[in-house]
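Enquirer: here is my input, please return the structure:
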Amino acid sequence: MKRRTFIKLLFIVVIIVGCGSATTKKIQTDVDSSNEEMQQVGGKDSETLKLTTMKLTDKQWLEVKSSYDKLVNAQDEIMSGDDYEGSLYINLSGVATSDDVSLGGMMLYYKLKQQGYQFLSDNEYIKRIKYVFGIDFNHSYALCNNKFKSYKDYIIALIPIPNVDGEDDILSKEFYPYRDHQYFFKKFNICTVQMPSALIIEMDKNTNVNNVTVSKDYFDYHWNNYVLNDNKASLVWLLSNGKEKELKDLLFCFGYDKDDKINELVLNDDNLAVIDKFVGRDVFGKLKIYEGILSFVERFSKENFSDYYVAASTFVEQIAYIPEHESEKQKVYPQMEGMTLKERHKMIAYVVNTLQPLYEKYNGQDGYGYLDKYGIGIVDCFWSAFFDDHELIKDIEANNCYNLPNLTKLIQKMKCDERLVNKQTRILEPWNWAPENYLPDIND
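Expert: Here you go, the predicted structure:
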């Protein structure tokens, strides 16, 4: 009896401890939901996915078979050639055509349908593509860019590989079956990362339609279910199946900074440069400060956890203009190429707007700057930035602090501090004040 009582008590303690962590509970719920969803999906084709279930017409089957034979033969020749050398990317340019991709999109549509995917309506699809990818299908001018190709059945956003592809040759790299581009099929209201084609089917060259098996891979199901339906269980599946790169590319290639889990992935990736975690260019090449990342920094920086605060402060230090170090900075941080000083000022403004309240709340705690002995109340990285670049504050004031509330409050506070204002001109010049010359009133 005693042993049973002890086991019951232990079981109760485990339950109580488990319920004490909201984050753990949420993650487990997501995992359970993902597992349940996978069981539901698997139940629709527990044994196999047959091409015959797609009910292709004879004409469609012949087109698929012809496309499959052509692409397989081309792949075999490329992989056995002297120039292949185990490359990760098989270039089928000159062999594959837009019709091959259209056939692949059709097969993907039927495959998702068989797996129980819930398709969006036309209007919902267009809205979601704009929300995630920043691409407005209602305006054709949005696609007048050398990073897009538009065909009858789909639009492709060509994604360059850093330090490999130049702007001039990216257009020639459309037909790489195992390379990440974004394909949007408005005809079916779906999207996919890799080039769809008849290569997703499994058959020998002499088989007929009744013996063809379609790949049972669930990536496209969960990719569409997350990206288009915002299904968090599918997000968990993608993370659990090694798709972090594809998810992070939503931010790096399209500026999608609206999901905390992706923002967390990016901020915690030690292999990424700090500057890339806070600013980038969207698919149209427009410079963008990741406000979603900054919001994450603000919400998840705690008294005993300053990592995100430190990363954001380091970003300000990296892009701050220091005349004597500018040439070296441009070499170390090639991401700054093409950035104007005004753009850099705006980025600093946005980050300071995020960091200032954290500085005021946690100053003196580990990682949150030097202790503010003189009651100046200015976040350290901002002080360092405008000390060397006097145009920074001028730009901020000229743009009405970019309507950023915390930054506006800080500038107003600085203007009320006589130590930081030129007594003759009444202009804010905080760089002229030296802490070592200031003796605080002992009665303060």
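Enquirer: can you give me the pLDDT of Ala434?
Expert: Note on Ala434: pLDDT of 70.
Enquirer: count the residues that sit near it.
Expert: For Ala434, the neighbour count with other CB atoms under 10 Å is 8. (Glycine included, C-beta is placed from N, CA and C.)
Enquirer: which SS class is the residue nearest the centre of the chain?
Expert: Centroid-nearest residue in the chain, with CA atoms, centre = their mean: Leu251, separated by 2.2 Å. Using DSSP: H, G, I helix; E, B strand; the rest coil, the structure places Leu251 in helix.
Enquirer: show me where the stretch 51-200 of the chain has strands.
Expert: Here the stretch 51-200 of the chain has its strands, by DSSP state E, counting those that start in this stretch, at 148-150, 155-157, 180-185, 190-194.
Enquirer: got the ones you listed as TSV, with mean neighbour count, mean pLDDT and distance to Gly285 columns?
Expert: What follows is the strands of the stretch 51-200 of the chain, written out as TSV (neighbours: other CB atoms under 10 Å; pLDDT from 0 to 100; distance: least, CB to CB, whole Å):
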stretch	mean neighbour count	mean pLDDT	distance to Gly285
strand 148-150	16	87	12
strand 155-157	19	91	12
strand 180-185	21	94	16
strand 190-194	22	95	21
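Enquirer: quick one: residues contacting Asp260.
Expert: Counting by CB atoms under 8 Å, 6 or more residues apart in numbering, Asp260 makes contact with Phe296.
Enquirer: do you know how far it is from Asn268?
Expert: 12 Å (CB to CB, to the nearest Å).
Enquirer: tell me where the model's unsure across this structure.
Expert: 1-47, 82-88, 140-142, 144-146, 166-168, 205-206, 435-444 (pLDDT under 70).
Enquirer: what do you get if the cut-off is 50, keeping everything else the same?
Expert: In the predicted model, the chain carries pLDDT under 50 at residues 1-31, 33-34, 39, 41-46, 441-444.
Enquirer: specify the local secondary structure of Asp276.
Expert: Applying three-state DSSP: Asp276 is helix.
Enquirer: now it. Nearest residue, chain neighbours left out?
Expert: Gln335 (6.5 Å; CB to CB, 6 or more residues apart in numbering).
Enquirer: next, work out how far apart Phe296 and Gly255 are.
Expert: With distances taken as CB to CB, Phe296 is found 15 Å from Gly255.
Enquirer: which residues touch Phe133?
Expert: Taking CB under 8 Å, 6+ apart, we find Phe133 in contact with Ala157, Gln182, Phe184, Leu250, Phe254, Tyr256, Val283.
Enquirer: mind putting those residues into a markdown table with distance to Phe387?
Expert: As requested, the contacts of Phe133 are arranged in a markdown table below (distance: CB to CB, whole Å):
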| residue | distance to Phe387 |
| --- | --- |
| Ala157 | 42 |
| Gln182 | 43 |
| Phe184 | 48 |
| Leu250 | 37 |
| Phe254 | 36 |
| Tyr256 | 35 |
| Val283 | 37 |
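Enquirer: ok now do the nearest residue to Val316 once chain neighbours are set aside, which residues does it touch?
Expert: Distances taken as CB to CB, 6+ apart put Cys381 closest to Val316, at 4.0 Å, once the chain neighbours are dropped. Going by CB under 8 Å, 6+ apart, Cys381 touches Ser313, Thr314, Val316, Glu317, Ala320, Val351, Val352, Leu355.
Enquirer: next: Phe386.
Expert: Phe386 touches Leu392, Ile393, Pro430, Trp431, counting by CB under 8 Å, 6+ apart.
Enquirer: now for the second one: which residues touch it?
Expert: Applying CB under 8 Å, 6+ apart, we find Ile393 in contact with Phe386, Ile411, Leu428, Pro430.
Enquirer: looking at it, Gln114 is touching Leu49, isn't it?
Expert: Yes. The criterion here is CB atoms under 8 Å, and Gln114 meets it with Leu49 at 6.3 Å.
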